[in-house]
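Q: Generate coordinates for the sequence data below:
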Amino acid sequence: MLGEFKAFISRGNVLELAIGIIIGVAFAKITTSLVEDIINPILGLLIGGIDFQNLKIVLKEAAGDVPEVAIRYGNFIQVVIQFLIVAWVIFMVVKVSNRIQLVKDPEKKP
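A: Next up is the predicted model:
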């Protein structure tokens, strides 16, 4: 079983997948910082100094030990912005990859 595991883990696809996951996690942190530390403050300033993280609709106020119940749509806006950035970068990577393939094989259409 150990030999099979070693053969499985040393396959190229598994190593590429692991590297992709590690890079993806690092890219997610960069994207989160970009959105939270750069984009949202600029957007907040443009729309009147609003901090997106604090945007919420309180459905029920906190009472004693019971926390408030709120719809935190500001956080949702941040996550959507992060998603759009990641989707754009992936789109650009695929576009560049398709161009490279086209240069290598002009007969092939993307």
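Q: ok, longest helix in the chain?
A: Ranked by residue count and defined by DSSP state H, the top helix of the chain is helix 73-104.
Q: if I pick L34, what's in contact with it?
A: With contact taken as CB atoms under 8 Å, 6 or more residues apart in numbering, L34 is in contact with I85. No exception for glycine: its C-beta is placed from N, CA and C like everyone else's.
Q: remind me which residues of this protein are low pLDDT?
A: Residues of the chain meeting the criterion pLDDT under 70: 9, 11-12, 106, 108-110.
Q: and the longest helix of the chain, what does it pack onto?
A: For helix 73-104, the helices and strands in contact under the criterion 3 or more CB pairs under 8 Å, 6 or more residues apart in numbering; DSSP states H and E are helix 12-33.
Q: Can you check what angle separates the helix it packs on from helix 73-104?
A: An angle of 140 degrees separates the directions of helix 12-33 and helix 73-104 when computed by axes from the mean of the first three to the mean of the last three CA atoms, to 10 degrees.
Q: Next SSE downstream of helix 12-33?
A: For helix 12-33, the following helix or strand on the C-terminal side (DSSP states H and E) is helix 40-46.
Q: Which positions in that following helix come out as buried?
A: Buried residues in helix 40-46, defined by neighbour count with 16 or more other CB atoms under 10 Å: 40, 44.
Q: and whichever helix or strand comes after that helix, which strands flank it?
A: Proceeding C-terminally, helix 40-46 gives way to strand 57-60 as the next helix or strand, assigned by DSSP H and E. According to DSSP bridges, strand 57-60 has the following sheet partners: strand 69-71 (antiparallel).
Q: Can you get me the centre-to-centre distance for the partner strand and its chain?
A: 24 Å (CA atoms, centre = their mean, to the nearest Å).
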